[in-house]
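>>> Predicted coordinates and the sequence they were generated for:
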Amino acid sequence: MTDDPPSTSAHGSTGASALRDRLPNTRDGAEAALDRVVRENRFTIAVLFPAIGAITLVASAEGWLPEPLAFNPWFVLFGVVVMRSPLLVGVLPLLDRRAVGWVGLLVAYTYFIEHLGVRTGWPYGTFEYTVSLGPMVGGVPLALPVFFVPLVLNAYLLCLLLLGARAATWWLRLLVVIAAVVTMDVVLDPGAVALGFWTFGGGAFYGVPLSNYAGWVLSATVAVVALDRAFDVTALRERLTGCEFMLDDMVSFVILWGGINLWFGNYVPAAVAIAFGVGLVRADRFDARLLNPRR
């Protein structure tokens, strides 16, 4: 007489146990697994996602997509999180208590200054969100830090690479990164205004008032100083050197916002986006390994 076959619940338990055995059980193991996932999908994350995102956002703005597809906030947030994943995975090994504390303070500042801006018009100029970017609290997207903090960190990392040994000089490092952050907004805000994400009610630079960039000097300074305190520069440069995908989110930025600005005829912002692309090429972060990660 043979034994009865395992029950369905036993099969389920066995499968769950096998899955748990395959999952990493240490922080180092989890970080290595995430590195592998991002590395093997670099082209999809850094090229396909922003290209599809640019097409979808333009189609939404032009009225080519029906509801609920047009400017679907959950689709937008999903795409942003995917494009941010190389940066987040790249930074993960460097997150300690100090880093979490300073980034937490920066997140709090981000909400505060944006809420102040929506209510009073200071420091960016009078503006309002005209497209939902997910849940809103006090007129500000709940996911705001997901949009802002990585932008600053991307600028920080790119400048570390391009400055090389000169990045060890703290005041030079901070000045260059602050300038890079403000310059990234030269690309971002005109594209976002053209899409209808938010409006200033008009402005001298593709619908954006110059006061907006004065406000960005303030916020960029706060953000860059916070990130400079959050991370050890030497450790950050070492991780950046060994992690080839860490700036792939910057590649996504160039493709997404460069393409959107080109479509709407914002040629100066598009040219600035291309300049950032050239910087990525010079830093050896937009090459054959990105286009074919298995090479």
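Yes, it's here.

>>> Next, the buried residues of stretch 25-44.
34-35, 38-39, 41-43 (16 or more other Cβ atoms under 10 Å). Any C-beta I mention is one placed from the backbone N, CA and C, and that applies to glycine too.

>>> Sitting in helices, which of those do you find?
34-35, 38-39, 42-43 (DSSP state H).

>>> TSV please, covering those and showing distance to Val186 and pLDDT.
Shown next, in TSV, are those (distance: Cβ to Cβ, whole Å; pLDDT from 0 to 100):
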residue	distance to Val186	pLDDT
Leu34	32	96
Asp35	32	96
Val38	28	96
Arg39	31	93
Arg42	27	94
Phe43	27	94
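
>>> Contact partners for Gly104?
When contacts are counted by Cβ atoms under 8 Å, 6 or more residues apart in numbering, Gly104 touches no other residue.

>>> before we move on, back to that, pick the one among the buried residues of stretch 25-44 closest to Thr234.
Asp35 (20.4 Å; Cβ to Cβ).

>>> In this structure the closest one contacts Gly242, no?
No. Asp35 is not in contact with Gly242 according to Cβ atoms under 8 Å; the separation is 10.0 Å.

>>> Find residues that contact each of these two.
By Cβ under 8 Å, 6+ apart, no residue touches both Asp35 and Gly242.

>>> Tell me where the stretch 1-150 of the chain has strands.
Along the stretch 1-150 of the chain, the segments classed as strands by DSSP state E, counting those that start in this stretch run 128-129, 136-137, 140-141.

>>> how about the ones you listed, which one is nearest Ala223?
strand 140-141 (16.3 Å).

>>> Give me the sheet partners of the closest one and which way each runs.
Strands that pair with strand 140-141, judged by DSSP bridges, come out as strand 136-137 (antiparallel).

>>> Okay, Met136 and Val268: tell me how far apart.
Distance, Met136 to Val268, using Cβ to Cβ, to the nearest Å: 31 Å.

>>> What of Leu227?
Counting by Cβ to Cβ, the gap from Leu227 to Val268 is 27 Å.

>>> Looking at these two, which is more packed in?
Leu227 (22 against 13; other Cβ atoms under 10 Å).

>>> Check what pLDDT that one gets.
At Leu227, the model reports a pLDDT of 97.

>>> same thing with Val37?
Value for Val37, per-residue pLDDT: 96.

>>> I'd like the distance between the residue nearest to it when sequence neighbours are not counted and Val81.
Spatial nearest neighbour of Val37, chain neighbours left out: Val89 (7.9 Å); criterion: Cβ to Cβ, 6 or more residues apart in numbering. Distance, Val89 to Val81, using Cβ to Cβ: 12 Å.

>>> now do Leu105
Look at Leu105 and Val81: by Cβ to Cβ, they are 22 Å apart.

>>> Ok, Ala223 next?
20 Å.

>>> If you count surrounding residues, which of the two has more?
Ala223 (25 against 12).

>>> The more buried one reaches Pro150, doesn't it?
No. In this structure Ala223 lies outside contact range of Pro150 using Cβ under 8 Å: 10.8 Å.

>>> Give me the pLDDT value at the residue nearest to Val37.
pLDDT, Val89: 97.

>>> can you offset everything so residue one is 175?
All set: I'll call the first residue 175, so the last point we hit is now Val263.

>>> That one reaches Leu208, doesn't it?
Yes. Counting by Cβ under 8 Å, Leu208 is a contact partner of Val263 at 4.6 Å.

>>> Please parse the chain into its domains.
175-212, 215-465 (automatic domain parsing).

>>> how about low-confidence regions in the stretch 275-424 of the chain?
Within the stretch 275-424 of the chain, no range satisfies pLDDT under 70.

>>> Pick the most buried one from the domains of the chain.
Most buried of these, by mean neighbour count (mean count of other Cβ atoms under 10 Å): domain 215-465, with a mean of 18.

>>> All the helices of the stretch 225-374 of the chain, residue numbers only.
247-265, 271-294, 318-337, 344-369 (DSSP state H, counting those that start in this stretch).

>>> can I get these in CSV with distance to Met420?
Formatted as CSV, these follow (distance: least, Cβ to Cβ, whole Å):
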stretch, distance to Met420
helix 247-265, 3
helix 271-294, 15
helix 318-337, 6
helix 344-369, 16
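
>>> quick one, which of these is nearest to Val452?
Comparing the helices of the stretch 225-374 of the chain by Cβ to Cβ, helix 318-337 comes nearest, at 10.5 Å.

>>> Widest-spaced pair of the ones in helices among the buried residues of stretch 199-218?
The widest separation within these (Cβ to Cβ) is 17.4 Å, between Leu208 and Phe217.
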